[in-house]
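A.B. asks: Would you be able to build a 3D model of this:
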Amino acid sequence: MKKLILNLGLTAAIFLGMMMATGVMQKQLLPVLKLKKELTKTAKTEQGEATNDTLSAEEISPPDSVSLMLQKIEAQREEIATKLAALREKEKEISQREQKVEEELAQLRGLKDELSGTTSSQTSKLAKAFQAMDAGQAAKIAGNLDDRTLTDLLLQIRERNAAKILAALDPSRAARIYKQLSSKSLQAPSQ
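C.D. replies: Numbering: from 1, shown residues only. Got it, this is the predicted structure:
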């Protein structure tokens, strides 16, 4: 009988320890503690000892360390929930900003295409004018144009006229323009 009581007491203690370790609340522990108390009372009665019918405060409530752990866990849960809510808010804000950047990028692309079309039509008009001019006169005017405009212009006129204009330019600038013409003429078929 003593072995049975000892085994029941040991089992109850292990069960109690496992429940406390897994964070079981006091309400769930109370029936187990009452059962343990009754088993102990029954065993003592069988042995002829006097019993006490009331449960002590230490037997009903979990130890202070478990209560503190439960409080800490709850505080950590609240902190995690707060941080998670803040993180979700930041994700929403980032998503909105990304969308705004995409919209602005689309606008910029549209403006670039529009500007490119305008520049291209202006360059075409200038190319026609250069085509009609004498190469010497065209070279004098070309000397005052920026490199990019001149390069775009020379790509649109006949090679013979472009060569005459390049020959009339300062040699270092002509080399620079020739280099740009080469790179643009290589890029043109792939675009």
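A.B. asks: domains for the protein, by residue range?
C.D. replies: Described in terms of automatic domain parsing, the domain architecture of the chain consists of the residue ranges 2-60, 87-185.
A.B. asks: among the ones you listed, where is the model least confident on average?
C.D. replies: Across those, domain 2-60 has the smallest mean pLDDT, namely a mean of 62.
A.B. asks: Just the C-alpha atoms of stretch 174-188, please, in CSV.
C.D. replies: Backbone C-alpha positions of stretch 174-188 (Å, rounded to 0.1, in the frame of the first residue of the first chain) are rendered in CSV as follows:
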residue,chain,number,x,y,z
ALA,A,174,36.4,65.8,-84.1
ALA,A,175,37.9,62.7,-82.5
ARG,A,176,35.6,62.9,-79.5
ILE,A,177,32.5,63.2,-81.8
TYR,A,178,33.8,60.4,-84.1
LYS,A,179,34.1,58.2,-81.0
GLN,A,180,30.5,59.0,-80.0
LEU,A,181,29.3,58.4,-83.6
SER,A,182,31.0,55.0,-83.6
SER,A,183,29.4,53.9,-80.3
LYS,A,184,25.9,55.2,-81.3
SER,A,185,26.1,53.5,-84.8
LEU,A,186,27.0,50.2,-83.1
GLN,A,187,24.1,50.6,-80.6
ALA,A,188,21.5,51.6,-83.2
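A.B. asks: So what touches it?
C.D. replies: Applying Cβ atoms under 8 Å, 6 or more residues apart in numbering, the contact partners of stretch 174-188 are 147, 148, 150, 151, 152, 154, 155, 162, 166, 167, 169. Where you see a C-beta, it was placed from the backbone N, CA and C, and this is true even at glycine.
A.B. asks: Can you give me the neighbour number for the last one?
C.D. replies: Other residues within reach of residue 169 by the criterion other Cβ atoms under 10 Å amount to 18.
A.B. asks: how about the strand or helix carrying residue 166: buried residues?
C.D. replies: Per DSSP states H and E, residue 166 falls inside helix 159-168. By neighbour count with 16 or more other Cβ atoms under 10 Å, helix 159-168 contains the buried residues 161, 162, 164, 165, 166, 168.
A.B. asks: So which of the residues you listed is the closest to residue 85?
C.D. replies: Minimum distance to residue 85 across the buried residues of helix 159-168 is 66.0 Å, recorded for residue 162 (Cβ to Cβ).
A.B. asks: The closest one against residue 154, yeah?
C.D. replies: Yes: with contact defined as Cβ atoms under 8 Å, residue 162 counts as touching residue 154 (4.3 Å).
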